[in-house]
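Asks: give me the fold of what follows.
(chains A, B, C and D)
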Protein chains: 2
Amino acid sequence: MFKSIKSKLQLDNEKWDHYIDYFHRIEMPSKTILLEEGSISKKMYIIEKGCIRVWINNNGKDITTQFFIENEMVGSIESFRKNIPSPTNIETMEPCVLWWISKENLDTIVEEVMKDPRLRNLFVDKIFERTFDYMKYFISTIKYSPLERYLQLLEERPEIIRRIPQHYIASYLGISSVHLSRIKNQIHKEK
Amino acid sequence: MFKSIKSKLQLDNEKWDHYIDYFHRIEMPSKTILLEEGSISKKMYIIEKGCIRVWINNNGKDITTQFFIENEMVGSIESFRKNIPSPTNIETMEPCVLWWISKENLDTIVEEVMKDPRLRNLFVDKIFERTFDYMKYFISTIKYSPLERYLQLLEERPEIIRRIPQHYIASYLGISSVHLSRIKNQIHKEK
DNA sequence: AGGATTTAGTAACAAATGTTAATGTAAGAA
DNA sequence: TTCTTACATTAACATTTGTTACTAAATCCT
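Replies: Residues are numbered from 1 along each chain as shown, chains lettered A, B, ... in the order given. From the prediction side, this is the model:
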C-alpha cells in the first residue's frame, strides 16, 4: 500500500517506519459518512480500495463536488488546517478499505517534512497543485458546456464514469441527471 | 504602500529594507496587457492604484476569471511557479500604479521566508487560502444561480461592481450581459 | 464642444436546461 | 429466489439563459 509513496518521497527507513505507524487500517461499508458537514475534521484518509465522494447540502438536494478513488487522499483540508467546521460531507460510495491518520500525527509529519528543503518543496508543490486543480475546475465551469465537461471527465477520469452512478456525475457536472442522459444520447448518435 | 505588509510580517528592518529594493514602481495606462496567454510569467505585481482583470480566450470571446484592486497581488502563479506558458491574460482596466518584482527576487524572498518557521507558516496559510478561495468559487458556480452569485459579489466585493463595466462582471459570472441586465432589473423590481 | 466609441437597457425570438412523470432494467436484501 | 429499492432513459412541458438588433445614455478623445 505505502510502497509507492515511500519511493516517491525517498525517505530513509527509520523515519519511514515511524511514519507508517501513524496510519490505521479500517474497513467501511458503502454509504458511510466519514465526515459530516458542520463537524471538525480530525482524520485524513488514504483509500486502499473503494471510492468516496465529497458533497454539500443545498436545500435538501446534495451536490457532489469531488470524487476520490484508490491511492488518493481525502479529507476536508479546510476544516483540517483551520480547525473549523467542515463545509462538506465525505461519504463512501462502495465498501472501502481505508488508512486513516489523526490530525496530530499528520501535523507531526508535516512539521518534520518542512525542516527538509527538498521535502518542503514537494509539499508546497502539492498544495499548489491542489490550487491549480481548483482553478481549472472553476474555469472549466464557465468556459465549457456540460457536454464538453462530460467529455473531459470521460477523457481524464474514465474510471469515475465507469464506477459511479450517473446522478452523482450529473450533480458533479452541475446538471440534472435527465440532462446528462440527453447528453450521452447525443454523443451516441453522433458516432 | 508597503507599510501594511511590513507590520503584518513583523520582519526586522534590515531584511525588510533589503526586500523593498526588489520592488519597482511603474505606471500603466488602461487596457495594457501585463501578461499574454502563452507567454511565461516573469513578474508579479502589487497594485497601488487601479484595477486589473485576468481573462482567458475562448474562441474569440474572452472570459474574465478574476478581478484585482488596490493592495492585491496579481500574477499567473501557475506560470510563475512551474515556469510554463500562462493560460491567462492579465490586463489593466484603469490607469494603474503598480509595483513589480522579478521571479528571481521573489524566489529569493520565498527561500528566506521558508527558513523561518513562523513566516513559513504564514506563507503556507496564504497558499491554502488561495486554494480555499478557488474551492469556494468552484462550489459557488454549481451551487448558486447567477442571481445568487451576483448578490454574493455585491455583498463581498461591492467595489468591483461599482468600478467595473457590466459586461466584464457578466463574463465573470458566466452569463451574458443581457442576462445580467435582466437580473439587475429583477432585483430592482423586488424592492 | 463635438464626434466616435463604449456601455447599459429592452424586446423578440432561439436554444439550453430543469422538472415531473412514466417505464423498464439492474442491483441489493431477506 | 423474490421483493424492494436504486438507477437510467424518454417524453412533454416549463423555465432559464443566450443571441441579435435597436436605442439611449455615458464616456473618451482631440
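Asks: do you know the pLDDT at the residue of chain A found nearest DNA strand D?
Replies: Residue of chain A nearest DNA strand D, by Cβ to the nearest atom of the strand: A:Gln166 (3.1 Å). For the C-beta atoms, the positions are set from N, CA and C on the backbone; glycine is no exception. At A:Gln166, the model reports a pLDDT of 97.
Asks: equivalent analysis for A:Glu156, please.
Replies: On the pLDDT scale, A:Glu156 gets 94.
Asks: any idea how far it is from A:Phe67?
Replies: 11 Å (Cβ to Cβ, to the nearest Å).
Asks: which residues in chain A form strands?
Replies: A:24-28, A:33-35, A:43-49, A:52-58, A:61-68, A:73-74, A:89-92, A:96-102 (DSSP state E).
Asks: and the fifth one, what's buried?
Replies: Yep, that's strand A:61-68 we're talking about. By 16 or more other Cβ atoms under 10 Å in any protein chain shown, the buried positions in strand A:61-68 come out as A:62-68.
Asks: reformat the residues you listed as a markdown table; add distance to A:Tyr137 and pLDDT.
Replies: Below are these laid out as a markdown table (distance: Cβ to Cβ, whole Å; pLDDT from 0 to 100):
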| residue | distance to A:Tyr137 | pLDDT |
| --- | --- | --- |
| A:Asp62 | 18 | 89 |
| A:Ile63 | 13 | 92 |
| A:Thr64 | 13 | 95 |
| A:Thr65 | 9 | 93 |
| A:Gln66 | 9 | 94 |
| A:Phe67 | 12 | 96 |
| A:Phe68 | 14 | 96 |
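Asks: circling back: could the strands of chain A be laid out in JSON lines, adding distance to DNA strand C?
Replies: What follows is the strands of chain A, written out as JSON lines (distance: least, Cβ to the nearest atom of the strand, whole Å):
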{"stretch": "strand A:24-28", "distance to DNA strand C": "14"}
{"stretch": "strand A:33-35", "distance to DNA strand C": "16"}
{"stretch": "strand A:43-49", "distance to DNA strand C": "15"}
{"stretch": "strand A:52-58", "distance to DNA strand C": "11"}
{"stretch": "strand A:61-68", "distance to DNA strand C": "8"}
{"stretch": "strand A:73-74", "distance to DNA strand C": "21"}
{"stretch": "strand A:89-92", "distance to DNA strand C": "13"}
{"stretch": "strand A:96-102", "distance to DNA strand C": "14"}
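Asks: before I go, just wanted to say thanks for your time.
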